[in-house]
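Visitor: curious how this folds, go ahead:
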Amino acid sequence: MKRWIPFLKSEPTVAIIRLQGMIASGGRGALNDQALAGVIEKAFARGKPAAVALEVNSPGGSPVQSSLIGARIRRLAEEKNIPVIAFVEDVAASGGYWLAAAADEIYADPSSVVGSIGVISAGFGAHELLARQGVERRVYTAGESKSMLDPFREEQPEDVARLKGLLNDIHANFIDHITDRRGAKLDQEAKLFTGEVWLAKRAVELGLIDGIGHLKPMLKERFGKKVKFRRYGLKRSFMSRFGAHMAQDAMASVEERAAYAQFGL
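Guide: Residues are numbered from 1 along each chain as shown. Next up is the predicted model:
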């Protein structure tokens, strides 16, 4: 009611967008631009927030979806002239750090894991297993690279070279994003783009984040004790709330658990 009375000043509001989980183009609960578009747009538009805060807890995932989400956040921040502040929880690694870097400032808990500025591709080779079982692999293509890195045939050096070229190009895009967003804050002498991760205190020294701090205390200190918070994030489906997951969702949960586990989480 107060906001409709012209001579009474409304308390500032901060919109909080929760970005938790793997970044992937599909899968229930995965972070991707299509699923988050409405969430992000609403957070920036509703009630003219004094700032938008990102709660980031992600081990990474798709570089394309990371880029799309980050670009949407930057576009709205610049269009509406709203500052964006990221707060890292357990981890902001790889694509998770890409999302955090979309903010104007990044803060974390002392034990948060930050970094992993690199690109990875992993798979399995099963050609020897097939041979032992007497199974013959038959593949016909139009285009010499169409069956690149087929897991059911012996690895070819030229296929590996092509893949490494793609990974290097994606890595270059990642580096460009971080250097553009963090700029002179980065330690110019340190090797920051090797895929290594650091705890928050070291990340501050390296310029990867701006400081140590938690969301509510810092935002209350900045915007006043009466600041209001509005939360936005992906909503779980009715069935998933009761544990009714399909087999593919169970597999996605295993993959996500494995992604967090590589950081000791």
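Visitor: contacts, neighbours, all on C-alpha from now
Guide: Fine.
Visitor: contacts only, for N168.
Guide: N168 sits next to V119 when contact means CA atoms under 8 Å, 6 or more residues apart in numbering.
Visitor: so it versus D187, what's the distance?
Guide: When distance is defined by CA to CA, to the nearest Å, N168 is 22 Å away from D187.
Visitor: which residues of the chain fall in strands?
Guide: With strands called from DSSP state E, the chain shows them at 13-20, 51-58, 84-93, 105-108, 113-115, 197-199, 211-212, 228-232.
Visitor: as CSV, those with mean neighbour count would be great.
Guide: Formatted as CSV, the strands of the chain follow (neighbours: other CA atoms under 10 Å):
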stretch, mean neighbour count
strand 13-20, 23
strand 51-58, 25
strand 84-93, 26
strand 105-108, 25
strand 113-115, 28
strand 197-199, 19
strand 211-212, 19
strand 228-232, 16
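Visitor: using JSON lines, lay out those strands together with mean pLDDT and distance to E221.
Guide: As requested, the strands of the chain are exported to JSON lines (pLDDT from 0 to 100; distance: least, CA to CA, whole Å):
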{"stretch": "strand 13-20", "mean pLDDT": "97", "distance to E221": "13"}
{"stretch": "strand 51-58", "mean pLDDT": "98", "distance to E221": "13"}
{"stretch": "strand 84-93", "mean pLDDT": "97", "distance to E221": "14"}
{"stretch": "strand 105-108", "mean pLDDT": "98", "distance to E221": "14"}
{"stretch": "strand 113-115", "mean pLDDT": "97", "distance to E221": "24"}
{"stretch": "strand 197-199", "mean pLDDT": "97", "distance to E221": "24"}
{"stretch": "strand 211-212", "mean pLDDT": "98", "distance to E221": "14"}
{"stretch": "strand 228-232", "mean pLDDT": "96", "distance to E221": "13"}
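Visitor: alright, calling it a day.
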